[in-house]
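[1] coordinates for the following, if possible.
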Amino acid sequence: MVHRLKLSLLHDYQRDPDSFPSWEVFQEDMHQKLDQMGERTLPEFRLIGMLIIALGTAATATGLFLQIGTWAVALYTGGFAAIILGVLLTGFGMMLHAAKSTPAQHPSQHQ
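    From the prediction side, this is the model:
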């Protein structure tokens with residue numbers, strides 16, 4: 001959504017280049033429009049991933065406890081797969097959180 005908003009603002013400024021303000025004014029304009037639109041929140045992937053890891057661990061432990069039968073194999077295999085999925089989802093959530101919390105700088109601000 002933010003990407004589409006930036007493209008929309010840049011498209012407006014491309015039609016009338018003289019109206020392009022400084023970078024700070026552009027960012028303020030973008031934040032005002034985001035507030036008006038009501039920015040959509042992303043699900044908390046870190047928390048969801050950790051819950052899937054916990055469920056996978058419980059399923060794996062139950063599968064190991066049963067030791068014999070189809071249910072034991074299914075629980076163990078499904079639990080192991082859930083642990084892997086949970087680790088991947090938690091890692092994705094951590095990367096997304098780090099990307100959102102790091103402020104972006106305009107290329108002209110780099111020295």
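
[2] quick one: residues contacting G78.
    By Cβ atoms under 8 Å, 6 or more residues apart in numbering, the residues touching G78 are 56, 59, 63. (C-beta placed from N, C-alpha, C; glycine too.)

[3] try it again at 7 Å.
    G78 makes contact with A59, according to Cβ atoms under 7 Å, 6 or more residues apart in numbering.

[4] avg pLDDT for the helix or strand it falls within?
    Using DSSP states H and E, G78 falls within helix 70-101. For helix 70-101, mean pLDDT is 91.

[5] got the buried residues for it?
    Using 16 or more other Cβ atoms under 10 Å as the test for burial, helix 70-101 gives 75-76, 79, 82-83, 86, 89-90, 93.

[6] now the most centrally placed residue in the chain. Nearest residue, chain neighbours left out?
    Taking Cα atoms, centre = their mean, the centroid of the chain lies closest to L96, which sits 4.1 Å from it. Excluding the flanking residues, the one nearest L96 by Cβ to Cβ, 6 or more residues apart in numbering is F45, at 6.2 Å.

[7] touching, that neighbour and G91? I think so.
    No - between F45 and G91 no contact is recorded; they are 8.9 Å apart, counting by Cβ atoms under 7 Å.

[8] domain ranges for the protein?
    Following automatic domain parsing, the chain resolves into domains at 2-40, 45-101.

[9] is G63 in contact with Y76, as I believe?
    Yes - using Cβ under 7 Å, G63 is in contact with Y76, at 3.0 Å.
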